[in-house]
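**Student:** Got a sequence here, can you build the structure:
(one chain, ligands or ions: 1)
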Amino acid sequence: MNINSPRYLTSFNIRELPHRFTDILIIGSGLAGLRAALAVSKEQRVTVLTKAEEIEASNSDRAQGGIASVLDPTDAFSKHIADTLVAGADLCDEEVVTRVVTEGPERIQEMIQMGTQFDLQKDGTLELGREGGHGMNRVAHAHGDATGHELMRTLVENVKKAPNIQVHTQCYTLDLLTFEGRCVGAIVNDSVIGKVIYWARQTIVATGGIGQLYRETTNSPVATGDGIAMALRAGAKIKDMEFVQFHPTVLYVAGSSRSLITEAIRGEGAFLIDKNGCRFMPEYDERAELAPRDIVSRSIVAQMVKTNSTTVFLTLAHKDPELILHRFPGIAAICAHFGIDITKDPIPVRPGAHYMMGGIEVDQEGRTNVPGLWAIGEVSCTGLHGANRLASNSLLEAIVYGVAAGVGASKAAQTISDEQHLRVLQISNQVKTPRNPVLHLQDIKNTLKSVMWRSAGVKRNAELLTEGLESLAQLKRFMQGEQIESEGWDLQNMLQIGTIIMEAALLREETRGGHTRTEFPDRRPEWHKHLTFQRQEDGSVMVETEELK
Ligand SMILES: Cc1cc2nc3c(=O)[nH]c(=O)nc-3n(C[C@H](O)[C@H](O)[C@H](O)COP(=O)(O)OP(=O)(O)OC[C@H]3O[C@@H](n4cnc5c(N)ncnc54)[C@H](O)[C@@H]3O)c2cc1C
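**Tutor:** The predicted model follows:
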């Protein structure tokens, strides 16, 4: 393995740039970032940055199915814990799972108090859905299939009312600043004034996932892995990157954006059929359509190959149309744009990159190994998901860790004196390679996404991964020079993260959770371990293995 990483993406000299000071800097305005902002002490100044034009633009806003928690008297923490551990394929951290599951109901209650309106049954209790891998109905949802949007609406409203929190849109965070090994803030490109230094007593990364690395994805355009890449450059440990979850059912209509068809639709009884109308999931797994996502995704790919087809289909034709339209109004509307009536027509679907289980390694409060730096939400690797995320556990993780890191960073900020915080440290960087002036960034991005899909998608093998790594190395050479706009920075981050995903996938010679190696179709006891990547002082990136008992 021979990976290198620059320390900073951009040239800068701190003396020449404007400076802003804040107590807590939060990079990312999704569910995790905004929940953390609201957990910080009201006495402290919080700055939230997003690279998007709108606060809401995020994976959080897109979440459909809901948020999992033990909310029904017939359910039990032990059952939710057991389901999470099974999905995680023996790589979850059981202490973390127990902590998130048991804290869940309290965090959801707080969201309700803040104004979230979950769907209720006639008797006023929460209407709970069921999703793949859950043994009980435990998924709270809002407006049928717009749960993420409702949670985000709640937090945005509360953040706007909080005088200590400021949100800045179109602020692309390029890199985390470190001084003597401690994170002291970030270098940011503000679309109005250009490069700015944000000095912070504590910094929280909440930049979300990596789905945009893949040609087929459910993710928002913001999900380019920036947070993981900038944390790697700053010396943070990056863990479990081979574990990408491919959602089995992404709407596949030529010309449409790749919309997710929520798992909850299978929870309500939808069947998966092939182009000949045959229901195939029972042949692959006794849990049929409700098997964990990795199994359903692999089965769909196998059935597409078997039937020589580019899609399979979801059908709800055997269900009550009224119930379906009440429960899934958003999906019904999207499909209607393409002439598909979900109450009777088959919905064409295939897998797409959906969720990154790995990320920045953190402890139970969201603290990274770099002092002053925290990570929460999809960008982090807490140990909750192991090798595969149980459906609807990620929104829960975002709010549990959002609160933990908000409170933790708030306390830690009090230990940083004004003298330490307000001094302007002499940090600078010079990118030596000039920018290649003839690059067509969109073309490079399309190539990267196709390479990732082909080589590090649902099914992987050594030959494909080696080819993929060579292709990425070539693209990286073109992109070495200094970039001057967000598209270029996104691409540099995507190439860095794509390389790590492929290196990790090549090393892990087994099939486990979201990671499938066709030459090693089984789980192997010698791979009961984690892979962790860390940049060294000389710019090389080293991998370590963490054996588990
Ligand atoms: C279609 C879809 C449906 C889903 N459904 C569910 C579900 O039903 N239940 C569930 O539990 N999970 C679901 N998930 C997963 C879940 O939505 C995400 O894991 C979770 O919302 C991530 O939240 P986050 O706050 O970590 O990141 P995000 O919500 O993605 O927010 C990331 C933020 O970081 C900002 N950002 C990124 N890079 C930079 C940068 N360089 N500089 C500044 N800002 C930056 C972005 O602009 C954005 O504000 C779904 C995901 C998708 C895509």
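**Student:** from here on, contacts and neighbour counts on C-alpha atoms
**Tutor:** Fine.
**Student:** so is the residue most central in space within the chain in a helix, a strand, or just coil?
**Tutor:** For the chain, Gly209 is the residue whose C-alpha lies nearest the centre (CA atoms, centre = their mean; 2.9 Å). State at Gly209, reduced to three classes by DSSP: H, G, I helix; E, B strand; the rest coil: coil.
**Student:** got the contact list for it?
**Tutor:** Taking CA atoms under 8 Å, 6 or more residues apart in numbering as the definition of contact, the neighbours of Gly209 are Asn59, Asn219, Ala223, Thr224, Gly225, Tyr355, Met356, Glu378, Val379.
**Student:** what does the stretch 151-300 of the chain put close to the ligand?
**Tutor:** For the stretch 151-300 of the chain, the residues in contact with the ligand under the definition CA under 6 Å from any ligand atom are 171-174, 206-209, 218-219, 222, 226, 260.
**Student:** In helices, which of the contacts of Gly209 fall?
**Tutor:** Counted as lying in helices by DSSP state H, out of the contacts of Gly209, are Asn59.
**Student:** Alpha carbons only: can I get the strand or helix carrying Leu232 in CSV?
**Tutor:** Here Leu232, judged by DSSP states H and E, is contained in helix 226-233. As requested, the backbone C-alpha atoms of helix 226-233 are provided in CSV (Å, rounded to 0.1, in the frame of the first residue of the first chain):
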residue,chain,number,x,y,z
ASP,A,226,-14.9,16.1,2.7
GLY,A,227,-14.9,15.7,6.5
ILE,A,228,-13.2,12.4,6.4
ALA,A,229,-10.6,13.7,4.0
MET,A,230,-9.8,16.8,6.0
ALA,A,231,-9.7,14.9,9.3
LEU,A,232,-7.2,12.4,7.7
ARG,A,233,-5.0,15.3,6.6
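**Student:** Start the count at 26 instead of 1 going forward.
**Tutor:** Okay, using 26 as the starting number, the last item reads as helix 251-258.
**Student:** what's in contact with that helix?
**Tutor:** 30-33, 199-201, 230-233, 262-263, 384-385, 404-405, 515, 518-519, 521-522, 558-560.
**Student:** Show me where the stretch 126-275 of the chain has its strands.
**Tutor:** Along the stretch 126-275 of the chain, counting by DSSP state E, counting those that start in this stretch, strands occupy 153-154, 164-165, 190-193, 196-204, 207-215, 219-230, 263-264, 269-276.
**Student:** cool, and the stretch 326-475 of the chain?
**Tutor:** So, for the stretch 326-475 of the chain - with DSSP E, counting those that start in this stretch - the strands run 337-340, 372-381, 384-386, 398-400, 405-406, 453-454.
**Student:** Tell me how many other residues crowd the residue lying closest to Ala77 once chain neighbours are set aside.
**Tutor:** In space, not counting the residues next to it along the chain, Ala77 is nearest to Gln195; the distance is 5.1 Å by CA to CA, 6 or more residues apart in numbering. Number of residues near Gln195 (other CA atoms under 10 Å) recorded here: 18.
**Student:** one step back: the strands of the stretch 326-475 of the chain: lowest mean pLDDT?
**Tutor:** Looking over these, mean pLDDT reaches its minimum on strand 453-454, with a mean of 90.
**Student:** All good on my end, thank you.
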